[in-house]
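In: Predicted structure and sequence below. I'll ask about it afterward.
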Amino acid sequence: MDERPITFAEAINEALKQSMMKDPEVILLGENVTSSWRPTTKGLLEEFGRERVRDTPISETAFIGAGIGASILSMRPVVELMLVDFGLVAMDQILNQLAKTHYMSGGAVKTPLTIRASYGGGTSSGATHSESLYSLFAHMPGIKVVVPSNPFDAKGLLLSCIRNDDPEIFMEHRLLYDLKGHVPAEDYVLPLGEAKVVQEGDDVTVFTIGRMVHEAIQAAQELKDKVSVEVIDARTVVPLDEKALISSIEKTGRLVVVDEDYERCGFCAEVTAIAANKAFEYLKAPILRVASPNVPIPYNPTLEKRYLPNRDKIVSAIKSVARYA
Amino acid sequence: MDERPITFAEAINEALKQSMMKDPEVILLGENVTSSWRPTTKGLLEEFGRERVRDTPISETAFIGAGIGASILSMRPVVELMLVDFGLVAMDQILNQLAKTHYMSGGAVKTPLTIRASYGGGTSSGATHSESLYSLFAHMPGIKVVVPSNPFDAKGLLLSCIRNDDPEIFMEHRLLYDLKGHVPAEDYVLPLGEAKVVQEGDDVTVFTIGRMVHEAIQAAQELKDKVSVEVIDARTVVPLDEKALISSIEKTGRLVVVDEDYERCGFCAEVTAIAANKAFEYLKAPILRVASPNVPIPYNPTLEKRYLPNRDKIVSAIKSVARYA
Amino acid sequence: MVEGAKVKNEKLLEIYRTMVRIRTFEKATRELIKKGVIPTRMGFYTGQEAVAAGVCAVLKETDQIGSTHRPLGHLIAKGCDLKKLMSEICGKETGFNKGKAGPYHIFDPSVGALGANGIVGGSVPMVLGYALAHQLRGDGGVAVAFFGEGASNQGGVLESMNLASVWNLPLIFVCENSSPDVQTMLGHKINYPQISVDKISSRALGFGMPGDTYEGWDVMKVYRAAFEAVERARSGSGPTLLEFKVHQLTGNIEGSLEFFEDESMWDPIRRFRRELMFKGALNEEEDRWIRTSEELKVKEAVEYAIGSPEPNVEEALRGVFVEE
Amino acid sequence: MVEGAKVKNEKLLEIYRTMVRIRTFEKATRELIKKGVIPTRMGFYTGQEAVAAGVCAVLKETDQIGSTHRPLGHLIAKGCDLKKLMSEICGKETGFNKGKAGPYHIFDPSVGALGANGIVGGSVPMVLGYALAHQLRGDGGVAVAFFGEGASNQGGVLESMNLASVWNLPLIFVCENSSPDVQTMLGHKINYPQISVDKISSRALGFGMPGDTYEGWDVMKVYRAAFEAVERARSGSGPTLLEFKVHQLTGNIEGSLEFFEDESMWDPIRRFRRELMFKGALNEEEDRWIRTSEELKVKEAVEYAIGSPEPNVEEALRGVFVEE
Ligand SMILES: Cc1ncc(C[n+]2csc(CCOP(=O)(O)OP(=O)(O)O)c2C)c(N)n1
Ligand SMILES: Cc1ncc(C[n+]2csc(CCOP(=O)(O)OP(=O)(O)O)c2C)c(N)n1
Ligand SMILES: [Mg+2]
Ligand SMILES: [Mg+2]
């Protein structure tokens, strides 16, 4: 395979381009998707034309609805949300219509739509421009939730999303866009629902996703002489790779769940609940959550730093569970 | 105190009436709130007039927004959602604006709005007319989530919601409206964030909320000669009474969490996560969740019955954890 | 087609038959609800039949519609199989959607009946996508969004008008205004108006499309208006907003199941029947035959539904994803 | 007040001063962003000053406004304290909102500046509530909703127009159309139009209220239009939709921080200055004095902000609820 280091944004761009090349029914809708300074969609208008790459009005309900409808007629729309926070104006279309239609119809119709949304804190953008929110989508049955942490996964998972018959929300952390990594030039798909052990270890399992994977790796690095940490990148919230979670806990007996979304009723809670139910017998220590607190995101960068989950908080959580014999 | 058996709906009606009588700044907005066949709002128009009891267009975003704005100018609006499922068209107003404004403003403004919403399955009304969804609201920091299980709590908690300075969503299970119970005629408030032990027991804690409290009590009743079950009614999802949860687990060592909302990233997950973190040392058994599965709600009543959490499922969950020594 | 142009008698009778079919089917449905065979209440279409029948008479099977919480009229007019329809409402395995949808979420892609909807205005944005697919494929297809005057105040519906217009989509917005005289909601008087204009169709202007208001109890007016709008859409000239005033006959209002067939001068079926007879397109005997044969079909549908098996109970938990 | 009526020179100069203040403040803000003192990018108002200044000149401190992602103009025109404003943008404890809001969520209830907003159209439904409170209290107050032409396609904004109309609220919808010639979004050309009409104000008709379009670079036209609409609202005659065409000067576009003061013939400040001088209401010296004194105030605000302490870091986790 021909691999080159490219950025996360370029990997997404490549996935979009390759899927549009292969399948004329793939179309792209969103606000300013033709803008030349957006690296994920750059060049697509020039290559595929105005019909298939469309700038939309600021009408998230209408254009997500349009994507759903087109997907019901078996097109493969990719709809972009500038930021996931803006999706709140369109939750009926996403949660009532997109997520439920396949089930409600008894299988008579499918909604193979992919929503792409950037997300995440760390840029001092305030409470409505910094959220993660994937737990909201995960709470509703019927929509897959994909949160890649690196360029390789981003490309393979996005191609998977566009091609499979289910609806997904594909979340792109804005601080990852410039991250470089080796990515095959070829077209390839990665399965949804398979976690990846990014670092093996014996003492503590850190189960995480998205940008937090990098903070977790750093935390593990920092502790490498003291605690043997296994870091697992869940890659998708829905479906969740329970097997990877449980078999790691079987080995380590200790779990720290790390996530940038709000803590309450979030990814961390779900992962904890699975562990406390299905891996209870292996557990040697309380399960710790390192998530965004149940507080809106503050603007001031020092406050935001205090607020967000990060390496230091992960380190102290790991240390705290490592103490249990 | 003068107590009479009245229905859940009448208790709500009484709370609305008493708060409107006491405070001219309490107003009521919603679709068909003046309709004579709706027991929760019956008679209010006649008593308080058209200015304060207003039928709205089917524009949830606009009229919830209107409620938020009026609350910022220190009125005390109560806004009704016919069913919580319909709230998805207005999630930006609820989650971005209502929930976050107090924090974002650094305390400069308050949003003392109460949203009333009916919810719940069991009437064969299909996937968009039967949901619970309170975990969506609980996930977002800044809005209190109140889910009463009986007329007494309904009245006292609703009066509390209307009078306190924070925003709440007050959830009314549609199958509870006709439930009767003793309710003081006087005006009284119940604190938000205090769970109630509705049945004491030593072997297994069942922590639940809303209509499921009744299923849990029946389950405990059925098992009364075999397992000593403690049933706790959380009453509010936010704030959650962690102390009540933990001290019960300290006693029983076993936990079953029961809830009608979807399982993933829901109330059950959150309660489990708290227990697995803060009551880990007391736990003798895996924590079981009895919730709505991660599936939209089917229309057919037999399927819906199979689908919903109920006494039988609670009984077998209790039995299963009771087995652990 | 212009006002006054001739429509073949055959077509007229087909439309009449559709209206009778809807009425008959709904009557049977009401009875099954009263008997407890159908486990829920639902919105009815009685009194509005001319709209669904008139509009859908112009559509092809390869065109799509999005419907509402009063879906039976739209679905039947679009050609849905009565047996599978009744089975679905009865929650049976043989229903269009295995009994999982129920009246508010029926989908029958085989005839383009893409969705009743439990959310007021919820189907409208999706109809944009049906139209978009036709536009991109260049297949000349169109899509119709049905919604009520109440729904016309939902943000998603208003946004959709703008999007349809700027993308020049082959789409017809059909607003059935059930508050033609006094503004009501779900049959109840309301203490503030919900609509700020006399004619919903006046909103068309603000979204750059043509729009007008018609008497929805006169099926020929409906048919002609729809014909023009559909032609316009098919020829690539973009969307139209049609408003049809309708009277929901008693029995459509929330909470009520009663239905008085002869209640109203606004009954579109009585009116059309009189017209057809007047112009000699229909006589008493033919009319009886149409009614009887529709009753028979509906009876068969009812029997089919009642005789159909319940879905396998485990079906409750299956089918969330295509790829599970 | 009718077109052509006299406005006192004093008032004119006050409006001019407000416009200069906004421009000066934003210039300082751009510099602080470049220097990294302000930790984020934000939307600027340069070129639109006439709208905020003209509209807010008609309002009282007890009236409210809802603003957008280009809030500085609206907030300053409504009378916000410059020191607290700059402190907030710098994330300082002395900011209006303890540095927790940042530019997109500033609230200053003391002058009725109730909310910048990070969600396009997000503030508009809340403005309904400000107007509703005035209506219920009968205090003659009004509320103004500022939003862009892009926001005019958000469902919540459109719904709000209907609700304001059916409730006859004392509210003025102020749409600043920054695509006066070619439709753009965030300064970028778009490949499909986003608005289906030439004039956003033509939507007023569909919501039963008056509406018209004005040149937003001419502050006197803004003032007069706003005066009439506010009078109408105060007297209980209901809402109005005002559309003002504006040119966002370079530097407002996404991603860019550059700003060329003399770039455009559409600059409302240059234009107004010329007018004032022409009619003898302002001379060079007075102008210099106004500019200098505004620069001084802004400089003080910058110094105050820079000198202010960071909020206590634990403030990050406090203040979610009033009753915790
Ligand atoms: C978003 C949403 N809000 C409220 C409801 C409850 N509801 C169902 S039908 C209805 C009235 C709809 O009025 P209209 O659109 O005029 O249709 P009609 O019932 O008159 O046919 C309401 C309020 C809903 N289903 N969805
Ligand atoms: C709901 C929502 N969608 C998208 C955005 C991203 N966004 C911020 S400003 C903007 C353009 C707004 O255009 P307009 O309303 O005309 O205001 P202008 O920027 O021209 O002043 C967009 C798309 C957002 N903040 N909120
Ligand atoms: Mg209606
Ligand atoms: Mg603009």
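Out: Good, I have the coordinates. Ligands and ions are numbered 1, 2, ... in the order given.

In: Contacts made by stretch A:24-38 with the rest, please.
Out: Here stretch A:24-38 makes contact (CB atoms under 8 Å, 6 or more residues apart in numbering or on different chains) with A:16, A:19-20, A:41-42, A:44-45, A:48, A:51-58, A:63, A:66-67, A:70, A:74-82, A:116, A:162, C:136, D:185-186, D:188-191, D:254-255. C-betas here are computed from N, CA, C, even on glycine.

In: rerun that using 7 Å as the cut-off
Out: A:16, A:19-20, A:41-42, A:44-45, A:52-56, A:58, A:63, A:66-67, A:75-80, A:82, A:162, C:136, D:185-186, D:188, D:190-191, D:255 (CB atoms under 7 Å, 6 or more residues apart in numbering or on different chains).

In: average pLDDT across it?
Out: Stretch A:24-38 shows a mean pLDDT of 95.

In: same thing with stretch C:293-311?
Out: The model assigns stretch C:293-311 a mean pLDDT of 98.

In: which of the residues in it are buried?
Out: Within stretch C:293-311, the residues that count as buried by 16 or more other CB atoms under 10 Å in any protein chain shown are C:294, C:295, C:298, C:301, C:302, C:304, C:305, C:308, C:311.

In: what's the answer for stretch A:13-29, then?
Out: Those would be A:13-20, A:25-29, for stretch A:13-29 by 16+ other CB under 10 Å.

In: Nearest to residue B:166 among those?
Out: residue A:29 (38.3 Å; CB to CB).

In: Now the closest one: which helix or strand?
Out: Secondary structure assignment for residue A:29, by DSSP states H and E: strand A:26-30.

In: What is the subsequent helix or strand relative to that strand?
Out: Taking DSSP H and E, what comes next after strand A:26-30 is helix A:44-52.

In: Residue of chain C nearest chain D, please.
Out: residue C:155 (1.8 Å; CB to the nearest CB).

In: What about the buried residues of stretch C:293-311, which are in helices?
Out: Among the buried residues of stretch C:293-311, the members falling in helices (DSSP state H) are C:294, C:295, C:298, C:301, C:302, C:304, C:305.

In: ok, the residues you listed vs residue A:199, which is closest?
Out: For these, the nearest to residue A:199 is residue C:305 (58.3 Å; CB to CB).

In: Tell me how far the closest one lies from residue C:115.
Out: For residue C:305, the distance to residue C:115 (CB to CB, to the nearest Å) stands at 21 Å.

In: quick one, phi psi at the residue in the stretch 51-200 of chain A that ligand 1 sits nearest to?
Out: Using CB to the nearest ligand atom, the closest approach of the stretch 51-200 of chain A to ligand 1 is made by residue A:92 at 7.1 Å. Note on residue A:92: backbone dihedrals following degrees, to the nearest 10 are phi -60, psi -50.

In: re the thing from before, quick check, distance from the strand holding residue A:29 to the centre of its chain.
Out: 20 Å (CA atoms, centre = their mean, to the nearest Å).

In: now the helices for the stretch 51-200 of chain C?
Out: Along the stretch 51-200 of chain C, the stretches classed as helices by DSSP state H, counting those that start in this stretch are C:72-77, C:82-89, C:124-137, C:155-166.

In: So which of those is nearest residue B:322?
Out: Evaluated over those, closeness to residue B:322 peaks at helix C:82-89, with 42.2 Å, by CB to CB.

In: so does that closest one get close to chain A?
Out: No. For helix C:82-89, no contact with chain A is found by CB under 7 Å from any CB of the partner chain; the gap never falls below 8.4 Å.

In: what helices or strands is that helix leaning on?
Out: helix C:284-307 (3 or more CB pairs under 7 Å, 6 or more residues apart in numbering or on different chains; DSSP states H and E).

In: Angles on the backbone of the nearest residue to residue C:128 once chain neighbours are set aside, please.
Out: Counting by CB to CB, 6 or more residues apart in numbering or on different chains, residue C:128 lies nearest to residue A:66, which is 3.9 Å off, once chain neighbours are set aside. Main-chain dihedrals, residue A:66, degrees, to the nearest 10: phi -60, psi -40.
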